[in-house]
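A.B. asks: Got a sequence here, can you build the structure:
(one chain, ligands or ions: 1)
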Amino acid sequence: MREVVTASLQLGAIQKEEGRGDVVARMIALLDEAKRAGASLAVFPELAFTTFFPRWYMEDQAEVDKWFEPEVPGPDTAPLFERARAHGIGMYVGYAEITPQGQHFNTAILTSPEGEIIGKYRKVHLPGHDEYDTERAFQHLEKRYFEPGDLGFPVWHSQGGVMGMCICNDRRWPEVYRVMGLQGVEMVMLGFNTPSVNSQRSGEGLEDRLFHHRLSVQSGAYQNSTWVVATAKAGVEDGHPLTAGSVIVDPDGKIVAETKTEDDEMIVHACDLDACNFGKQTIFDFARHRRIEHYGLITSQTGVEVPAK
Ligand code: CDV
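C.D. replies: Numbering: from 1, shown residues only. Here you go, the predicted structure:
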């Protein structure tokens, strides 16, 4: 058994006016709860330190940059990292990153239980649009504020296993899990901010959104025989509802823990990384069963091209 006691630390709503200091205090309270539960790993949401700002249209770059972190840990966020180190808990934390060169990414980092930053991932699949869209019920401007991630989908050795990261919309893309699966990933961590309604299809509500979320993470887990830990930022932010549904999914694709509220809430599970072995050695033994001679289109073509009749 290689057990990693893993906490998914869901955050409830963060209002636009809320400062990072208040949010970090909430995150520390969750981290303390995770410590009491015996966790050595904690997974926080996407863009964890602020409201989900890509719903707001901004033209002034200085206003935009206020939502970004030039350094992590920084003055407001350092107490979180200090507490994690004191507790011996490794963390996945999502935040908006601005680089010294002025590039903007939707980023997540992985720390070791000793408090070192050992991994960085930058969101590849940015949803939404880059200009104000009058056809939508509300805006989703990730393509305006972020560049697509430039680091690929690496994995890291930590917690006695092979760990991977992605962010929110990435979880809907099977390629994401497979690229990590091909590196032997045993736990995929991700944070998300998913609006409870579809801005382009008013009939699609909370239950549909949760169905697609669970479908995506459960199939990613099963088809790659890996744990998946998905953590929401939930609740109503400035009038805009976000789904909850933080889950821990086992390598059979089964949900072993799920949040019940849309508030700050912990779920925890002792994830045995050896539970990945059976699927990786049998039905999803890639070396024996994959037929890459038939998969060329996956990397040579982006959009749909229907063959001529
Ligand atoms: N933050 C996100 O990436 N949200 C998307 C929404 C826009 C569909 C998601 O995949 O949940």
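A.B. asks: burial measure for Y57, as a count.
C.D. replies: Other residues near Y57 come to 11 when the count uses other Cβ atoms under 10 Å. Every residue, glycine included, has its C-beta placed from N, CA and C.
A.B. asks: could you measure G245 against the ligand, distance?
C.D. replies: 11 Å (Cβ to the nearest ligand atom, to the nearest Å).
A.B. asks: no wait, T51
C.D. replies: For T51, the distance to the ligand - Cβ to the nearest ligand atom - is 12 Å.
A.B. asks: And that residue, its phi and psi?
C.D. replies: phi -60, psi 160 (degrees, to the nearest 10).
A.B. asks: First-to-last residue distance for stretch 300-309?
C.D. replies: 22 Å (Cα to Cα, to the nearest Å).
A.B. asks: Hmm, I typed the wrong one, I wanted stretch 85-93.
C.D. replies: One end of stretch 85-93 to the other measures 14 Å (Cα to Cα).
A.B. asks: Ok, stretch 261-274 next?
C.D. replies: For stretch 261-274, the first-to-last residue distance is 31 Å (Cα to Cα).
A.B. asks: Pull out the buried positions in that stretch.
C.D. replies: Residues of stretch 261-274 classed as buried by neighbour count (16 or more other Cβ atoms under 10 Å): 262, 264-269, 271-273.
A.B. asks: List just the nearest of the residues you listed to E97.
C.D. replies: D264 (23.7 Å; Cβ to Cβ).
A.B. asks: which ones are touching the closest one?
C.D. replies: Residues in contact with D264 (Cβ atoms under 8 Å, 6 or more residues apart in numbering) are 9-12, 26, 29-30.
A.B. asks: What's the ChimeraX line that selects buried ones from these?
C.D. replies: Only the buried entries of the contacts of D264 go into this ChimeraX selection, using 16+ other Cβ under 10 Å:
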select :9,10,11,12,26,30
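A.B. asks: How about the residues of the stretch 1-150 of the chain by the ligand?
C.D. replies: Residues of the stretch 1-150 of the chain lying close to the ligand by Cβ under 6 Å from any ligand atom are 46, 127-128, 140.
A.B. asks: now those in JSON lines, with secondary structure, pLDDT and distance to A39?
C.D. replies: Shown next, in JSON lines, are these (DSSP: H, G, I helix; E, B strand; the rest coil; pLDDT from 0 to 100; distance: Cβ to Cβ, whole Å):
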{"residue": "E46", "secondary structure": "coil", "pLDDT": "98", "distance to A39": "20"}
{"residue": "P127", "secondary structure": "coil", "pLDDT": "98", "distance to A39": "30"}
{"residue": "G128", "secondary structure": "coil", "pLDDT": "97", "distance to A39": "33"}
{"residue": "H140", "secondary structure": "coil", "pLDDT": "96", "distance to A39": "32"}
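A.B. asks: Let's have the buried residues of stretch 261-274 in TSV, adding pLDDT.
C.D. replies: Converted to TSV, the buried residues of stretch 261-274 look like this (pLDDT from 0 to 100):
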residue	pLDDT
E262	98
D264	98
E265	98
M266	98
I267	98
V268	98
H269	98
C271	98
D272	98
L273	98
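A.B. asks: Narrow the residues you listed to those in strands?
C.D. replies: Residues of these located in strands (DSSP state E): 265-269, 271-272.
A.B. asks: how close does F52 get to S199?
C.D. replies: 13 Å (Cβ to Cβ, to the nearest Å).
A.B. asks: Please say which of the two ends up with more neighbours.
C.D. replies: Shown here are F52 and S199; by other Cβ under 10 Å, F52 has more neighbours (24 against 18).
A.B. asks: residue contacts, that one?
C.D. replies: Counting by Cβ under 8 Å, 6+ apart, F52 touches 14, 193, 233, 237, 240, 242.
A.B. asks: In helices only, show me those residues.
C.D. replies: Using DSSP state H, no member of those falls in helices.
A.B. asks: In ChimeraX, select just the buried ones from the residues you listed.
C.D. replies: To isolate in ChimeraX the members of these that are buried, counting by 16+ other Cβ under 10 Å, one can use:
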select :14,193,233,237,240,242
